[in-house]
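Peer 1: Dropping a prediction and its sequence here:
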Amino acid sequence: MTTHYLYATILTGEAVAANNRGDNIGNTTTLQKVFHQDDLHTSVSAEAIRFAFRYRFQLQGIPVNRSYDGEKLHYQDEKRAGWNPSHPNSVLIDDDLMGFMDAAAAQAEQEAEADQADSELSGAATEATPPKAPRKAKARGVTTKRTSPLAVGRAVSLRPYRGEISFNCVSGVKEKGRLSLYAAEMHTTEYQYSIGLNLNDVVNKKHIADLIDALVDPPPVAGNHSRFAYDFSPQSIVLRVTSAHSSRIQNCFEHDENSRAYTVRGLIRRVRSHDITASELIVGGELAETPEGEVLKSLGVLTFPGVAAAANEARARIANLDPMFAVVANGRSS
């Protein structure tokens, strides 16, 4: 059977990001940073994006295994005792898309066997004949796990970090000799991130449509402890429905120092060289109406001025891949 994939790269709009993770150095709250294209960029973790997707499913009223009440996580079935891929309608969306691993059974059995070995050694040592060393216990427990069909890449700022920082003081009554000054790193930028989804490995194919909804309309991602807003929804999106095992569209947006905007010249080159089949690509949002978007269109890429229309096209293409994907065409769940 052919393996099908959905790949996507999302570029957000430009906004000010700050205090993404609550970490600090002294009285300065910091942003995570990575090197990208040999320059320093700020970043948001893939875990934060996956958390947002899972929370989005919860907000939409889709049954999830792990829910969040604003303070704590709650599991409906932490040990996945009810996991049964033979009945797709019983599979919870977060377990289905994001996988899981529970090594507690193996760990418990390993500890029990180690205790038994210690007991045998202690008992034998009281006899006249020196005991033989016990054979090393080998755990035979089963790890309950499911490999995630969904891979999410770390979000990376489009623009290099140049050292923006703000200085503030805590509001309220000031006490003499006790200053409440603090600084916060911030970054005015767009972020881009990429995902890859093995469509065949999704047990309940309806969950594919739910994930596409989450790509287009995500809840807040990480940023700012909910005190400030950073919209992580796509201003532009590049989608690829294909049987190719590599994305070739990851982080396809590049910062253009000359225009102070972005370019997708690398993506255009890959389409022109036929490393990417143009008919597999869908472009939605602002990029579609730029000169480079027109170039992609002339090469055979289907473009849409809006990201929602691009998402609908992706659903339709997936639904036409095979009858088992037909449910994906049902459109947005919201």
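Peer 2: Arrived safely.
Peer 1: From now on I want contacts and neighbour counts done on CA atoms only, so please keep to that.
Peer 2: OK.
Peer 1: what about the nearest residue to Phe304 once chain neighbours are set aside, distance to Ala209?
Peer 2: When the adjacent residues along the chain are set aside, Phe304 lies closest to Gly284, with 4.6 Å between them (CA to CA, 6 or more residues apart in numbering). Distance, Gly284 to Ala209, by CA to CA, to the nearest Å: 17 Å.
Peer 1: Other residues contacting the one helix or strand Leu296 maps to?
Peer 2: Leu296 belongs to helix 291-298 when assigned by DSSP states H and E. Contact with helix 291-298 is made by 263-265, 268, 271, 283, 287-288, 303, as judged by CA atoms under 8 Å, 6 or more residues apart in numbering.
Peer 1: ok, and the most crowded of these?
Peer 2: Val283 (30 neighbours; other CA atoms under 10 Å).
Peer 1: quick one, phi psi at it?
Peer 2: phi -120, psi 130 (degrees, to the nearest 10).
Peer 1: wait, is Gly284 part of a strand?
Peer 2: Yes - assessed by DSSP: H, G, I helix; E, B strand; the rest coil, Gly284 belongs to a strand.
Peer 1: and it, what is it in contact with?
Peer 2: By CA under 8 Å, 6+ apart, the contact set of Gly284 is 236-238, 303-311.
Peer 1: what sits opposite it in the beta ladder?
Peer 2: Ile237, Phe304 (DSSP bridges).
Peer 1: about what we covered before: could you list the buried residues of the helix holding Leu296?
Peer 2: For helix 291-298, the neighbour count (16 or more other CA atoms under 10 Å) marks 292-293, 296-297 as buried.
Peer 1: Could you tell me how far Ala155 is located from Ala311?
Peer 2: Going from Ala155 to Ala311 by CA to CA gives 20 Å.
Peer 1: of these two, who's got more company?
Peer 2: Per other CA under 10 Å, whichever of Ala155 and Ala311 has more neighbours is Ala311, with 25 against 22.
Peer 1: Point me to the helix or strand that includes the more buried one.
Peer 2: helix 307-319.
Peer 1: And that helix, what does it pack against?
Peer 2: Under the contact definition 3 or more CA pairs under 8 Å, 6 or more residues apart in numbering; DSSP states H and E, helix 307-319 sits against helix 206-216, strand 234-242, strand 281-285.
Peer 1: show me the contacts for Leu302.
Peer 2: Counted by CA under 8 Å, 6+ apart, Leu302 has contacts 279, 281-283.
Peer 1: Most neighbours out of the residues you listed, which is it?
Peer 2: Tallying neighbours with other CA under 10 Å puts Val283 at the head of the contacts of Leu302, with 30 neighbours.
Peer 1: so what's that residue up against?
Peer 2: 236-239, 293, 301-304, 307, 310.
Peer 1: ok, 10 Å please
Peer 2: The neighbourhood of Val283, defined by CA atoms under 10 Å, 6 or more residues apart in numbering, consists of 8-9, 236-240, 289, 293, 296-297, 301-307, 309-311, 313-314.
Peer 1: and what of Asn89?
Peer 2: Residues near Asn89 by CA under 10 Å, 6+ apart: 203-206.
Peer 1: Mind putting those residues into JSON lines with neighbour count?
Peer 2: Output for those, formatted as JSON lines (neighbours: other CA atoms under 10 Å):
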{"residue": "Val203", "neighbour count": "23"}
{"residue": "Asn204", "neighbour count": "23"}
{"residue": "Lys205", "neighbour count": "21"}
{"residue": "Lys206", "neighbour count": "20"}
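Peer 1: I'd like the helices and strands packed on helix 307-319 laid out as JSON lines, including mean pLDDT and distance to Gly196.
Peer 2: Formatted as JSON lines, those follow (pLDDT from 0 to 100; distance: least, CA to CA, whole Å):
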{"stretch": "helix 206-216", "mean pLDDT": "97", "distance to Gly196": "11"}
{"stretch": "strand 234-242", "mean pLDDT": "98", "distance to Gly196": "9"}
{"stretch": "strand 281-285", "mean pLDDT": "98", "distance to Gly196": "14"}
